[in-house]
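1. task: produce atomic coordinates for the following.
(one chain, ligands or ions: 2)
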Amino acid sequence: MANLRISLAAAVIQAVLFTDSEALWCNCTTAQCEKTGSQCETDGACMASTSFIEGQEQHIRICITRDDLVPPGQPFYCRSAEGLLNIHCCYTNYCNSIDLKVPSGREGGDSSGGTWGLVELVAVIAGPLFLLCLLLLVGMFLYQYHQRAYNHRQRLEVEDPSCDHLYMAKDRTLQDLIYDLSTSGSGSGLPLFVQRTVARTIVLQEIIGKGRFGEVWRGRWRGGDVAVKIFSSREERSWFREAEIYQTIMLRHENILGFIAADNKDNGTWTQLWLVSDFHEHGSLFDYLNRYSVTTEGMIKLALSAASGLAHLHMEILGTQGKPGIAHRDLKSKNILVKKNCTCAIADLGLAVRHESATDTIDIAPNQRVGTKRYMAPEVLDETINMRHFDSFKCADIYALGLVYWEIARRCNSGGIHEEYQLPYYDLVPPDPSIEEMRKVVCDQKLRPNIPNWWQSYEALRVMGKIMRECWYANGAARLTALRVKKTLSQLSIQEDIKV
Ligand SMILES: Nc1ncnc2c1ncn2[C@@H]1O[C@H](COP(=O)(O)OP(=O)(O)OP(=O)(O)O)[C@@H](O)[C@H]1O
Ligand SMILES: [Mg+2]
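-> Numbering: from 1, shown residues only. Ligands and ions are numbered 1, 2, ... in the order given. The predicted structure follows:
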């Protein structure tokens, strides 16, 4: 570019030398001007130019003829290279005596090069970053604003003024609400709109478990803990069925998990299905027995309370406020919760069936094999169960209760001995047994969990062992009833002077 300029300058000088002058005098640095005292005369303009040639700053001053001042207004010879102030034309005598400066950052380099200075670099990097941060901030602000507006809308929606009556007075606890409704209401729980209000004002705290149908969370409602079982939307039928069973008239019992609310909440993207119940910090009986061994008193309390819960579930209560008989169909230590007072609450009623005694029918078409394989009664495993007969399902529950008793009794501390926690049939089948593996052991080989001989030396363990055997008969009809088990254990507790 510099060379081009020099040749241009030479051409200009040539032009100046052959032009008639009109008395404009300029400084001149070309060799030809040495004779005229480094000045030239022109009818056009004086020009000063600065450039770098081999690292040296060179100042060139020449005359430009009027003919060369094309195009008019922006003559080609007077135009600086893009972005540079290195050529200057003027029109008064010797006006081109000034020394032009090459803009900073270009000295010593090729003036057509593309290296950026620190300031430009910082500007180029920091500019977009700043813009990005700004966008993020605006995005976050908009999101929060949207969330707040959404929550507000939700609150408005659930805080229906019609709820602001006696039920929802701010100082009332869940227990107050439920007590009122179980004594004066239908006996089947909170009205649906109250359930909704309660469910939508629960604040979830932490996840406490995962099961086949979803997650279980601990939540807070008015300063108290509640358990929230969240079903995935695929499991809507299970959620509906479990909520339906829990709301059976007169089901409430101290040894059945206290149901609080069911809610299906559409958050715009998916439907959340909630089942809210009492929270029991000990978790399931399975969790509890894994963690602790129990005293004789502890064992009897757990066993008696579980039998009481199951007896209530199985029992049919006649009358207008009566209750149908209910069979659980998935009884196991993971589906029994341990309350603060170390008694049991039977939970997970999602697979239960109800007996309609007037027509002697079962309220849903029971599919053959549901529940947990390890706890399936022999008649369920080999599919000989008579599904038209409601009592068959109760007998299958009793078989599972016997297995749960075996899990409890192993953990009973008698004479300083107790065994480690084990699942029933731990020594006979693999961890996740198939129906076939269970059937071979339970139906073909007719094996049952081992009852150690030393249990005979301790009255409580002896009675427990006897109950288990009578729960495990291959013939379902020969097994004890829940009520019978409850009575036997009540007697045992009196005998052992245990307050329950
Ligand atoms: N009301 C509750 N209070 C305290 N902990 C609970 C409550 N309900 C459930 N849990 C805990 O959450 C766990 C998961 O319960 P969930 O019923 O979903 O699955 P599970 O019983 O382990 O398996 P399954 O799906 O076979 O029933 C339980 O094992 C228990 O530890
Ligand atoms: Mg469960």
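2. got any ranges where this protein has weak pLDDT?
-> 1-22, 53-54, 81-85, 102-117, 148-173, 176, 178-188, 366-369, 500 (pLDDT under 70).
3. please tell me how far the residue nearest the centre of it sits from residue 229.
-> Against the mean C-alpha coordinate of the chain, by CA atoms, centre = their mean, the closest residue is residue 207 at 9.7 Å. Computed as CB to CB, to the nearest Å, the residue 207 to residue 229 distance reads 11 Å. For every residue, glycine as well, the C-beta is placed using N, CA and C.
4. and for these two, which residues touch both?
-> Jointly contacting residue 207 and residue 229 under the rule CB atoms under 8 Å, 6 or more residues apart in numbering are 215-217.
5. what residues does the chain put near ligand 1?
-> Contact residues of the chain with respect to ligand 1, defined by CB under 6 Å from any ligand atom, are listed as 208-209, 211-213, 216, 227, 229, 257, 277-280, 283-284, 287, 334-335, 337, 347-348, 372.
6. just list the residues touching the residue nearest to the centre of the chain, thanks.
-> Taking CB under 8 Å, 6+ apart as the definition of contact, the neighbours of residue 207 are 215-217.
7. in PyMOL, how would I select the buried members of those?
-> Paste this into PyMOL to select the buried members of the contacts of residue 207, with burial taken from 16 or more other CB atoms under 10 Å:
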select buried, resi 216+217
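8. how about a markdown table for the contacts of residue 207, with distance to residue 65 added?
-> Conversion of the contacts of residue 207 to a markdown table gives the following (distance: CB to CB, whole Å):
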| residue | distance to residue 65 |
| --- | --- |
| 215 | 91 |
| 216 | 96 |
| 217 | 92 |
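9. and which of the contacts of residue 207 is nearest ligand 2?
-> Using CB to the ion, residue 216 is the member of the contacts of residue 207 that sits closest to ligand 2, with 8.3 Å.
10. helix or strand for that closest one, which one?
-> Taking DSSP states H and E as the definition, residue 216 sits inside strand 214-221.
11. ok, the closest residue to ligand 2 within the chain - how many residues close by?
-> Ranking the residues of the chain by distance to ligand 2 (CB to the ion) places residue 348 first, at 3.9 Å. For residue 348, the count of nearby residues is 23 (other CB atoms under 10 Å).
12. what's the closest of the contacts of residue 207 to residue 406?
-> Checking the contacts of residue 207 against residue 406 by CB to CB gives residue 216 as the nearest, at 25.6 Å.
13. could you count how many residues lie near the residue nearest to the closest one when sequence neighbours are not counted?
-> Spatial nearest neighbour of residue 216, chain neighbours left out: residue 209 (4.2 Å); criterion: CB to CB, 6 or more residues apart in numbering. Counted by other CB under 10 Å, the residues lying close to residue 209 total 15.
14. does residue 209 touch residue 227 like I think?
-> No. Residue 209 is beyond contact range of residue 227, at 9.0 Å (criterion: CB atoms under 8 Å).
15. need the residues touching each of the two.
-> Between them, residue 209 and residue 227 share the neighbouring residues residue 216, with contact defined by CB under 8 Å, 6+ apart.
16. ok, residue 423 - contacts?
-> Counting by CB under 8 Å, 6+ apart, residue 423 makes contact with 374, 407.
17. before we move on, the earlier item: which one of the shared contacts of residue 207 and residue 229 is nearest residue 475?
-> When the shared contacts of residue 207 and residue 229 are ranked by distance to residue 475 (CB to CB), residue 216 comes first, at 36.7 Å.
18. hey, what's the closest one bridged with?
-> Beta-bridge pairing of residue 216, defined through DSSP bridges, involves residue 209, residue 229.
19. how close does residue 386 get to residue 354?
-> On the measure of CB to CB, residue 386 and residue 354 end up 17 Å apart.
20. which of those two has more neighbours?
-> residue 354 (20 against 13).
21. what separates that one from residue 211, distance-wise?
-> Plainly put, residue 354 is 22 Å away from residue 211 if you go by CB to CB.
22. how far does stretch 274-288 sit from the chain's center?
-> Computed by CA atoms, centre = their mean, to the nearest Å, the separation of stretch 274-288 from the middle of its chain amounts to 20 Å.
23. show me what counts as buried in that stretch.
-> Buried residues in stretch 274-288, defined by neighbour count with 16+ other CB under 10 Å: 274-280, 283-288.
24. one step back: select from the residues of the chain next to ligand 1 every entry located in strands.
-> 208-209, 216, 227, 229, 277-278, 337 (DSSP state E).
25. of those, closest to residue 37?
-> Using CB to CB, residue 208 comes nearest to residue 37 of those, at 102.4 Å.
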